[in-house]
Every structure is written in C-alpha cells, then in structure tokens.
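Participant: just the structure for this:
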Amino acid sequence: MSKNNVSFSWAFKEFIWPRRKIVSFGLFLIIVRSLSGLVLPYASKNLIDEVIPSKDTEALTILLIAVCTALLFQSISSFSLTRLLSVEAQHLISILRAKVQEKLLTLPVSFFDNNKSGA
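Facilitator: Numbers count the residues shown, from 1 in each chain. Alright, predicted model coming up:
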C-alpha cells in the first residue's frame, strides 16, 4: 500500500472493524464511567437542597450508598477501560511491527542501497 492510498476508510477497515467488539465494549465502558461521574454532582445537590434541611438520616444513608456504588462503578469501568485499551494497543503495535518487518523483507537489496537510513 503506497502512501497516497491510505485513507480513513482503509484504516477503519484494516484496524477498527476487526476489533469492533472490543471498541464497542470500550465505548460502553466510557458511557458507564461518564454516567457514574454524574451521580456525585446530583447527590451533592440533593444533599444540600433536601437532606440537610430536613435532617433526614435515612435519605442520607441512601444517598451515601448511591454515591459509593457510583464511585465503585466508575473505578471498575475506568480500570477496565485502561486495561482493555492498553492491551489492545500493545497487540495492535505488535501487528503493525510485524507488517513493517514483512514489507521490509520483500524489498529488493537495491532499495536499501539507494535509501539511507534515517533519511
């Protein structure tokens, strides 16, 4: 593949589409992490506007459990997303290195005679 033929659609077909399940799961984890992050501001609003003025300890307990659960979901999804993306990135890098090596092995010796390394 020459330099001029590289396009977004080619890159999508070559790299993203074969990993669509992993990418979809990663997007799901991003959504879970983002939604979990919204619980704390909503809980703070609820705490200040309703729980503290009414001195409702039962609502405070429920709010505390909700915030802890949301933080747990956020932590698990962040860890899973980081782990998933780092493992998949390393796998993709190894595939790209193998393709470059394969391409270099098919080039004629004259290519290396005519092109200086680092140039």
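Participant: by contact count, what packs against the helix or strand that Val32 is a member of?
Facilitator: Using DSSP states H and E, Val32 falls within helix 20-37. Judged by 3 or more CB pairs under 8 Å, 6 or more residues apart in numbering; DSSP states H and E, the packing partners of helix 20-37 are helix 57-106. (Glycine included, C-beta is placed from N, CA and C.)
Participant: angle of the helix it packs on against helix 20-37?
Facilitator: 150 degrees (axes from the mean of the first three to the mean of the last three CA atoms, to 10 degrees).
Participant: next SSE after helix 57-106?
Facilitator: Following helix 57-106 toward the C-terminus (DSSP H and E): helix 109-114.
Participant: buried set for that next one?
Facilitator: Neighbour-count burial for helix 109-114 flags no residue at all (criterion: 16 or more other CB atoms under 10 Å).
Participant: using CSV, write out every CA atom in that helix.
Facilitator: Extracted C-alpha coordinates of helix 109-114, given in CSV (Å, rounded to 0.1, in the frame of the first residue of the first chain):
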residue,chain,number,x,y,z
VAL,A,109,18.5,-5.0,-1.9
SER,A,110,18.7,-2.1,-4.4
PHE,A,111,16.1,-0.3,-2.3
PHE,A,112,18.4,-0.3,0.7
ASP,A,113,21.4,0.7,-1.4
ASN,A,114,19.5,3.7,-2.7
